[in-house]
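[1] sequence unavailable; structure follows:
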């Protein structure tokens, strides 16, 4: 018998698909997926004026780097804006270990929110890498189990973290459960 915390990658994928089992790409450039957390794509991340209009104070780039799979911004790109930048050099592949960045990315988001800031979390499409980091944040700082965290983000934006990232989020869920750091939900 599995307990309420044990969630499989397939169960998470079921949350992310429609009634036909299809995934959908985001219909908007960004969405506010949690108060003061905007999850979006590179077009907004590279538009300083739009970020300023949105009141963004912090940028978390989950696709830092120079390959065609990355978004080539950095702290210097935002230096004249006063926005605080943090980059995670992640690849959107099943075998990339994103979990090594869960704690630091989550701390960055939490620090921004504690300062009454607004965080723009992005990768190329705002679909896989960045979504996984926001889900990890909700688990680490809001004690949500992985199912609730995925559902919370998915309710506000079409997302589809790859199976490797979902597996890592399940592992985080198990670790937090063992440490007594998840709420009963």
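    Yes, it's here. The shown structure was predicted, so the numbers you read here are calculated from the model rather than taken from an experiment.
[2] how about the helices of this structure, start to end?
    Secondary structure of the chain (DSSP state H): helices at 9-16, 42-45, 48-54, 102-114, 129-142, 146-154, 163-178.
[3] what's in contact with the third one?
    The reference is to helix 48-54. For helix 48-54, contacts defined as C-beta atoms under 8 Å, 6 or more residues apart in numbering pick out 30, 38, 44-45, 59, 78, 81, 83, 118, 120. For every residue, glycine as well, the C-beta is placed using N, CA and C.
[4] who's in contact with residue 95?
    Residue 95 sits next to residue 164 when contact means C-beta under 8 Å, 6+ apart.
[5] tell me where the protein is predicted with low confidence.
    1-6, 184-185 (pLDDT under 70).
[6] how about a cut-off of 80?
    Within the chain, the ranges that satisfy pLDDT under 80 run 1-7, 183-185.
[7] and for the nearest residue to residue 183 once chain neighbours are set aside, the neighbour number?
    Excluding the flanking residues, the one nearest residue 183 by C-beta to C-beta, 6 or more residues apart in numbering is residue 143, at 4.4 Å. For residue 143, the count of nearby residues is 16 (other C-beta atoms under 10 Å).
[8] ok, residue 143 to residue 105 distance?
    According to C-beta to C-beta, to the nearest Å, residue 143 and residue 105 sit 17 Å apart.
[9] now swap in residue 93 and tell me
    18 Å.
[10] same deal with residue 129?
    10 Å.
[11] any common contacting residues for those two?
    In contact with both residue 129 and residue 105: 62, 88, using C-beta under 8 Å, 6+ apart.
[12] okay, residue 93 and residue 105: which has more neighbours?
    residue 105 (25 against 13).
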